[in-house]
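In: Sequence and computational prediction follow.
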Amino acid sequence: MYMEKIREKQNPEEKEREEKKMFSILDLEELTKKHKEEKDKIWDADYHGRELFEKLIEEEKKFLEELMESKERFKKIFKTEKESIYFILETGESLRFKRSNGEFGEKLKSQPVLERVFFISEEEAERIKKEHLLEWPGGTINIINYRVGAVPFELNVYKYPSKIVFKEEENSLKIIGSEFVNEDGKISQDENLSGGYHIGHPITEIIK
């Protein structure tokens with residue numbers, strides 16, 4: 001549905017070229033925007049209780065299926081032990097579908113796009129939480145290769161006004177601080193960390 005709306009505007013040659021290209025962040029923005037518009041229509045309609053829940057889940061499943069049909073246009077796709085599904089762009093941004101239990105059954109919901117995703121061990125994930133490494137600057141986070149068993153570690157909500165600043169080194173990230181955009185458009189820095197992050201669960205299946 002989402003991709004079809006984009007393809008309607010293209011001639012056959014453009015469609016063929018487009019289908020071979022990796023998705024850009026602008027493509028992902030457009031897709032998530034259309035998905036939100038469809039969900040807004042459901043919220044605005046006269047649905048309640050279980051029926052509303054089922055309509056929203058159906059829309060999330062449609063969106064997930066559309067992305068899976070275009071899986072060759074993502075850099076990485078994988079599932080974790082909690083059945084979350086991650087789609088990673090060639091430029092590093094990530095979109096996650098989260099599964100959880102709700103009042104009317106299993107919930108499926110796409111999450112905000114984050115700017116970068118790295119991979120860490122389960123032990124490192126626990127150390128980050130125990131030592132509060134993402135509360136203050138100066139910490140070092142050890143990263144590993146993309147593989148089954150690795151834990152996805154996402155940093156910085158896309159287009160959020162503040163970001164966690166880090167330096168990527170060989171096999172590690174050095175946490176430096178935060179930067180944020182002031183009302184006048186200027187960028188300021190702060191030692192308090194702000195920007196958003198998410199530590200997932202171990203990867204159980206690599207789709208791509």
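Out: Structure received. Only a predicted model underlies this, so the values are computations on that prediction, with no experimental measurement involved. Numbering: from 1, shown residues only.
In: for the nearest residue to Y197 once chain neighbours are set aside, helix, strand, or coil?
Out: Leaving aside its sequence neighbours, Y197 sits nearest to L155 (Cβ to Cβ, 6 or more residues apart in numbering; 5.1 Å). (C-beta placed from N, C-alpha, C; glycine too.) Three-state assignment for L155 (DSSP: H, G, I helix; E, B strand; the rest coil): strand.
In: how about L155, what does it touch?
Out: By Cβ atoms under 8 Å, 6 or more residues apart in numbering, the residues touching L155 are 114-118, 164, 166, 195-197.
In: do the same with V165
Out: Applying Cβ under 8 Å, 6+ apart to V165 gives the contacts 175-179, 189.
In: low-scoring pLDDT stretches of the protein, where are they?
Out: Counting by pLDDT under 70, the chain has low-confidence residues at 1-20, 102, 104, 182-192.
In: domain parsing for it?
Out: The chain breaks down into these domains under automatic domain parsing: 2-113, 115-202.
In: With K208 as the reference, name the closest of those domains.
Out: With Cβ to Cβ as the criterion, K208 lies closest to domain 2-113 of those, at 4.4 Å.
In: can you give me how far that closest one is from the chain middle?
Out: 11 Å (Cα atoms, centre = their mean, to the nearest Å).
In: Now name the helix or strand holding the residue most central in space within the chain.
Out: For the chain, the residue nearest the mean C-alpha position is L95 (2.4 Å; Cα atoms, centre = their mean). Following DSSP states H and E, one finds L95 within strand 94-102.
In: So which of the contacts of V165 belong to strands?
Out: In strands, defined here by DSSP state E, the members of the contacts of V165 are 175-179, 189.
In: And the buried ones among these, selectable in ChimeraX?
Out: A single ChimeraX command selects the buried members of these (16 or more other Cβ atoms under 10 Å):
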select :175,176,177,178,179
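In: Take the ones in strands among the contacts of V165 and lay them out in TSV including distance to I25.
Out: Formatted as TSV, the ones in strands among the contacts of V165 follow (distance: Cβ to Cβ, whole Å):
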residue	distance to I25
I175	24
I176	23
G177	24
S178	21
E179	19
Q189	24
